[in-house]
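**Q** one predicted model, sequence on top.
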Amino acid sequence: MATACSRVRVVLPVCCCFLVLLALSRCSGGAAVAARHDYGDALAKSILFFEGQRSGRLPAGQRAAWRGDSAVSDGAAAGVDLEGGYYDAGDNVKFGFPMAFTTTMLAWSVVEFGDSMPADEHGHAADAVRWATEYLLKAIAHPGVIFIQAS
């Protein structure tokens, strides 16, 4: 009789082989696949999306003109300044850990694909990373305290 442990040893390699074969079948042609996707355009549009999710007093160069200042007194009840950052999902909540992860991925994407972006997007990309980073620094500015959510 097979134990659960022995079944896992058999299933994992089979799953890994299946995933590798699936990836190879979808990526045949290598460079041809990359040529079909405009990563610079995708990154530029995602940065514009970030501008629409901004919280706080918005800068003069805000491209999402429909967006206004919001949540300018976040943290006031606790005697701290938590203005800024990004809303999580189109709502009025800012979650620190998902924002930190997202900012890391955004910064990494700019490092990896920034050369494919239109020239004027580099400034917008840096602003997007800076906007979140400044907020995250405020969230850890008090010794022994991390603010992980603001709403």
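**A** Done, it's in.
**Q** what about Trp131, which helix or strand?
**A** Secondary structure from DSSP states H and E places Trp131 in helix 121-139.
**Q** for that helix, output the C-alpha coordinates as CSV.
**A** Backbone C-alpha positions of helix 121-139 (Å, rounded to 0.1, in the frame of the first residue of the first chain) are rendered in CSV as follows:
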residue,chain,number,x,y,z
GLU,A,121,7.8,57.0,-19.0
HIS,A,122,11.0,56.6,-17.0
GLY,A,123,10.2,59.7,-15.0
HIS,A,124,6.6,58.4,-14.4
ALA,A,125,8.0,55.1,-13.3
ALA,A,126,10.4,56.6,-10.8
ASP,A,127,7.6,58.8,-9.5
ALA,A,128,5.4,55.7,-9.0
VAL,A,129,8.0,53.8,-7.0
ARG,A,130,8.9,57.0,-5.0
TRP,A,131,5.2,57.6,-4.2
ALA,A,132,4.8,54.2,-2.5
THR,A,133,8.3,54.2,-1.0
GLU,A,134,7.7,57.5,0.8
TYR,A,135,4.5,56.2,2.3
LEU,A,136,6.1,52.9,3.3
LEU,A,137,8.9,54.8,5.1
LYS,A,138,6.2,56.8,7.0
ALA,A,139,4.6,53.5,8.0
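**Q** OK, contacts around the closest residue to Glu121 other than its chain neighbours?
**A** With sequence-adjacent residues excluded and distances taken as Cβ to Cβ, 6 or more residues apart in numbering, Glu121 is closest to Ala44, at 4.6 Å. Yep, even glycine has a C-beta here, placed from its N, CA and C like the rest. For Ala44, the contacting residues are Met117, Pro118, Glu121, His124, taking Cβ atoms under 8 Å, 6 or more residues apart in numbering as the criterion.
**Q** quick one: name whatever helix or strand follows the helix or strand hosting Ala44.
**A** Take DSSP H and E as the rule and Ala44 turns out to sit in helix 39-52. Scanning forward in sequence from helix 39-52, with DSSP H and E defining helices and strands, the next element found is strand 94-95.
**Q** which strands or helices does that next one pack on?
**A** strand 149-150 (3 or more Cβ pairs under 8 Å, 6 or more residues apart in numbering; DSSP states H and E).
**Q** that older thread, pull out the buried positions in the helix holding Trp131.
**A** By neighbour count on 16 or more other Cβ atoms under 10 Å, the buried set for helix 121-139 is 121, 124-125, 127-129, 131-133, 135-136, 138-139.
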